[in-house]
Structures are given as C-alpha cells and as structure tokens.
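# Give me a model of this one.
(4 chains)
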Number of protein chains: 2
Amino acid sequence: MAATRTRRTERRENPLSRERIVEAAIELLDAAGEGGLTFRALAERLATGPGAIYWHVTGKDELLHAATDAVVAAAVPPAPAGTAPRDAVRAVALGVFDAIDAHPWVGAQLARSAMDAPILRIFERLGRQVQALGVPRAVRFTAASALLNYVVGVAGQNAANARAVEAGTDRTEFLTRMAAAWTELDPEEYPFVREVAGDLPHHDDRVEFLAGIDLILTGIAPRERPADPPSA
Amino acid sequence: MAATRTRRTERRENPLSRERIVEAAIELLDAAGEGGLTFRALAERLATGPGAIYWHVTGKDELLHAATDAVVAAAVPPAPAGTAPRDAVRAVALGVFDAIDAHPWVGAQLARSAMDAPILRIFERLGRQVQALGVPRAVRFTAASALLNYVVGVAGQNAANARAVEAGTDRTEFLTRMAAAWTELDPEEYPFVREVAGDLPHHDDRVEFLAGIDLILTGIAPRERPADPPSA
DNA sequence: TCACCGTCTGGAATACCGTTCCATTACACG
DNA sequence: CGTGTAATGGAACGGTATTCCAGACGGTGA
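Below you'll find the model as predicted:
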C-alpha cells in the first residue's frame, strides 16, 4: 500500500468515510436519542445503503464506540499547565459532565463500557492529577478509580434522567412530580428518601456533582498538601 | 395435534404468574447473560407462547425492572440495629457488590436506571447511615448521592468487565493481557495508565471497591479530626 | 345441568433491527 | 484502452419485541 497516492477523487460528491459516518452517527444520536442510531436511518442520512457503511465500520458496537470516543476526546482536553491539581480534577470531571449534558447517550455509553479508549482517556486525566496531589504511589490506582467510578456513575444517572424527562416536558416539573412521588412512599420503609424529597426540585445537578467530587478529593488528600512528600 | 382432551390441564398445576415469569427471567439472565432474556426463550422455558407472558407483564422493560428489583431487594436487607454507621454503609455497598458479582446483568441494569425502585432501595439504606453518621441535614442528600453514584458506577464497570471476560476464560489472564495492552500505550499520552498497569493483574476488585467507599466516607465525616480544623 | 362470560392462553402475524450477500459501479493503473 | 479492485447500495436473512386473535378454561347464574 503506497501512501499518499490516493487522492480522493470525487467518486461521489461526498465520499463515504469512517469520519463522515461517525459524524453522522453523532448527529443522529443527538437528534433522536440512544435508540435513534439505526443503520437504516444512518444510510438514509448519508444517501446510501446499509451495506456501504459496513465497508468502513465493522458494526454498530464500533460505531457507538467511535462516536463516544470522539465526544469524550473533545470534552477532556489536556489540562493547562500550572493548574492546581484539585481544580484540574474538577475541570476534567466538569468536562465529562457537560459533554454528557449535551449528549446524554454518551453517559449511557460510558456507564456500560469497560476500560476501553473513552474511559481510559478520563482515567488518565484523573490519575495524573491524583499523582500531582501527592498521593502515594501505592494508592494512586485506588484514588483514581474512585474518582472514575463516581464520574461514570453520575454519567449513567444523568443519561437515565434525560431519558425519563424526554416524556415529560419541563425539567423542574418532572423533579417536582418525582419529589411528590417520594413523599408518598411508605414512611416506615423510606424515611430518608421522604426526608430529602424536598431537596429534589431546586437542586442543581452540576453543583451536586462537583460536591461529590470534592467529597472524594477530601478523602484522597484531606487538605491542600504540597506535591512533594515531606520525607525528602 | 396431541390429545385434544388432556391438552394443557397443567393450567392449574403451573399457572402462569408475574412471580413465576420474573423468576424464570432471572434464571435466564443468570444462565445466558444480558442478551439471554428473550420473550421466545422465556416462553419456551415456561412452556407457553410469547403472547401469554404479555398478559402478566407489560413488556421487557418492566420485566427487567422487576428482575433487578427482586435481586437488589434480596441483596440489601435491613441493617441490623446497633451497627456502626460506617460498617453499615460498607455492608450495604458490599451487598450490592456481591449481588452484581453473582448477577452481572444487575450491574448493567443499575447503571442505566434512573431513580426507580431498585436504586431508591439502595439510596435509602445509604442515606439512613449518612444520617446516623451525624451529617448535617443540608448536605445529607449530597453525601448519600455521592455514595450512590459511586456504587452504581462500579456496578456498570463490573458488568462491563464481566461481559469482556466472558470471551476469555481466565480472569487473571484477562487482566494480565489488559495490563500488557496498557503498557504499550503512548508514553506521552498515557503516563499514568502505564504507571499503574502493573497493579491491574493482582488487584482485588472487592477491596478496591471498599477502599473507594472508605475514601468517600472520609470525605463525608473524617474519622479523626485533623490538626488544623478551620471548618466554619 | 347447562349456557355464558370474563380470565387466561399460545400460536401466528407485524414491524423493525443488525448484519450479510452480491451484483454493479467508477476510478487507478498497467 | 482494458481490467482489477476499492467502494457502493439494494435486497435478502435471521433475529427481536410486540400485537392480534381465535380459542380454552372455570366459575356463576338460571
């Protein structure tokens, strides 16, 4: 395979390519939700048949994987040098959070994917900052995993919530109705849920998410601590 | 076809019921994994047709929901009185963890479900112990949510791992291969992942999970007060 | 005792999905 | 200029959830 020769002659005006397919898949997912990605719909949008897509992509799994990776890669840019580790962790987490907010299907995908490319990306960013926090080598994996698991947990929850709200129109109305349902639970069995039901309608998912991150950060390194261990 | 008279007098002996259907669904899911639950397979196992099942259950969603709820309810029993809050939180979390270990599909389901019955069950148990820890009313929701999100995050990860290992036979062999793949990543882009790759093969998911719980617990209510406590 | 009717059954039919197959194109190269 | 091949796209194939409907069972009133 000699390189650089293949000058894309316009066989079609818009030649099919993996990149273009992934792009169309993302648009489809954004527009119609998780169930909106269909090889037939994708073929129609690309003005082709389903068979042609399979020449560029092995199947739906890879396509979803690639779409998720594209969004995550754009959402988690390299941390700017000179940022405090805590702030850098918050920045990474918020990047993922906002990406999921914009593309709920990414949340569902992250929550159900193993340690593959998109998740590894997040894990790496979080882990670097854990290291910068001065966490000893032996527990870095644990600390970074805790952060990662929390983030993907929220990812799944947000995706599920987005799916649930899709039916109801308004978000606060949805939360109010859910709070009402919570207060109607059995007081014997669900005292706590009933107690916090009132917090539901007016709580901000984003700050709640950040508060959870800070909780874990506090557990990892109780207070601001120099990056260098004092044993030098 | 067969003797028309003694056709299906079993109607009384083995009457179809929601309970029996859910039970069969759980067996099917345990045996054949997440994709093993099929209305056809279910009908065959129950010696009936797909149509009959729909008389007792509205659809697959409700069936999966009911199956998950049954497993979670059995896995998270009421905490025995007199347990220290921290230990009670660990017990709840471990209950969920072990249930997912035994039924990986539950993990996938929890990770993608919103605040419905199964999740609420876990949230309630965690929240009660958060309250018992002496966490102020205003931040109880946040603390309990952090624990919950972490737990469901791990749930999703474990389900994904179980799915991935299904192909390869051995678990440690799988982890070793993954660690090898990690060390072959670009050193510029993945320094942290490469660094911790060695921890992968011999790490215990269960203790790692508990360590994460303890991290969050420390963030929620530090056990020993640090030397400088300028908390307002 | 018998006709009846609501509960419950199960097999066939529908609509849609991912995927595969394959005849056909249109260009790059000999 | 002919031809091999990368690329295409439409038509199947086998699977899925779900719906439909023709019945069978079993209690009930006459």
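# Do a quick rundown of the helices in chain A.
Taking DSSP state H, the helices of chain A run over residues A:18-32, A:39-45, A:50-53, A:60-75, A:85-102, A:104-111, A:117-132, A:137-165, A:171-183, A:191-196, A:205-220.
# So which of the ones you listed is nearest B:Val151?
helix A:137-165 (7.1 Å; C-beta to C-beta). The way it works is simple: take the backbone N, C-alpha and C, and place the C-beta from them, glycine included.
# So for that closest one, what gets flagged as buried?
A:140-163, A:165 (16 or more other C-beta atoms under 10 Å in any protein chain shown).
# Could you point out which residue ranges in chain A have low pLDDT?
A:1-13, A:168, A:223-232 (pLDDT under 70).
# Tell me which residue of it lies closest to DNA strand C.
The minimum distance from chain A to DNA strand C, using C-beta to the nearest atom of the strand, falls at A:Gly51 (2.9 Å).
# residues near the residue nearest to A:Ala146 when sequence neighbours are not counted, how many?
Take A:Ala146 and drop its neighbours on the chain: the residue closest to it by C-beta to C-beta, 6 or more residues apart in numbering or on different chains is B:Gly212, 3.8 Å away. Close neighbours of B:Gly212, defined as other C-beta atoms under 10 Å in any protein chain shown, add up to 26.
# ok, now how distant is B:Gly212 from B:Leu94?
Separation of B:Gly212 from B:Leu94 (C-beta to C-beta, to the nearest Å) stands at 12 Å.
# now A:Arg137
From A:Arg137 to B:Leu94 the distance is 27 Å (C-beta to C-beta).
# Not counting residues beside it along the chain, what's closest to the residue of chain A found nearest chain B?
Nearest to chain B, among the residues of chain A, is A:Gly153, at 2.8 Å (C-beta to the nearest C-beta). Spatial nearest neighbour of A:Gly153, chain neighbours left out: B:Gly153 (2.8 Å); criterion: C-beta to C-beta, 6+ apart.
# hang on, isn't that neighbour packed against A:Ala111?
Yes. Using C-beta atoms under 8 Å, B:Gly153 makes contact with A:Ala111 at a distance of 7.4 Å.
# got any residues that touch both of these two?
A:Val152, A:Gly153, A:Ala155, A:Gly156, B:Ala111 (C-beta atoms under 8 Å, 6 or more residues apart in numbering or on different chains).
# quick check, nearest of the residues you listed to B:Ala180?
Using C-beta to C-beta, the shared contacts of B:Gly153 and A:Ala111 come closest to B:Ala180 at A:Val152, 23.8 Å.
# how close does A:Thr176 get to A:Leu200?
8 Å.
# Quick one: residues contacting A:Trp55.
Contacts of A:Trp55 by C-beta under 8 Å, 6+ apart are A:Leu16.
# Identify the residues contacting A:Thr183.
Taking C-beta under 8 Å, 6+ apart as the test, what A:Thr183 contacts is A:Arg194, A:Ala197.
# neighbours of the closest residue to A:Arg86 other than its chain neighbours, just the number please.
Closest residue to A:Arg86 apart from its sequence neighbours, by C-beta to C-beta, 6+ apart: A:Leu217 at 5.8 Å. Using other C-beta under 10 Å, A:Leu217 is surrounded by 23 other residues.
# quick one: A:Leu217 and A:Val89 touch, right?
Yes. Look at A:Leu217 against A:Val89 with C-beta under 8 Å: they come within range, at 6.4 Å.
# Now do the shared contacts for the two.
With C-beta under 8 Å, 6+ apart as the test, A:Leu217 and A:Val89 both reach A:Leu133.
# What separation do you get for A:Asp204 and A:Ala52?
Counting by C-beta to C-beta, the gap from A:Asp204 to A:Ala52 is 45 Å.
# of these two, who's got more company?
When A:Asp204 and A:Ala52 are compared for neighbours, A:Ala52 comes out ahead with 13 against 9, by other C-beta under 10 Å.
# Just give me the neighbour total for the nearest residue to the more buried one once chain neighbours are set aside.
Excluding the flanking residues, the one nearest A:Ala52 by C-beta to C-beta, 6+ apart is A:Leu16, at 5.9 Å. Here the number of neighbours of A:Leu16 (other C-beta under 10 Å) works out to 18.
# Tell me the backbone dihedrals of A:Leu16, please.
phi -60, psi 140 (degrees, to the nearest 10).
# For it, give me its contacts.
So A:Leu16 contacts A:Leu46, A:Thr48, A:Ala52, A:Ile53, A:Trp55, A:His56 (C-beta under 8 Å, 6+ apart).
# mind checking how far A:His65 is from A:Tyr54?
Plainly put, A:His65 is 15 Å away from A:Tyr54 if you go by C-beta to C-beta.
# correct me, but A:Pro104 touches A:Arg163?
Yes. In this structure, A:Pro104 is within contact of A:Arg163 by C-beta under 8 Å, at 7.0 Å.
# any shared contact partners between these two?
Contacts common to A:Pro104 and A:Arg163, judged by C-beta under 8 Å, 6+ apart, are A:Gly33, A:Glu34.
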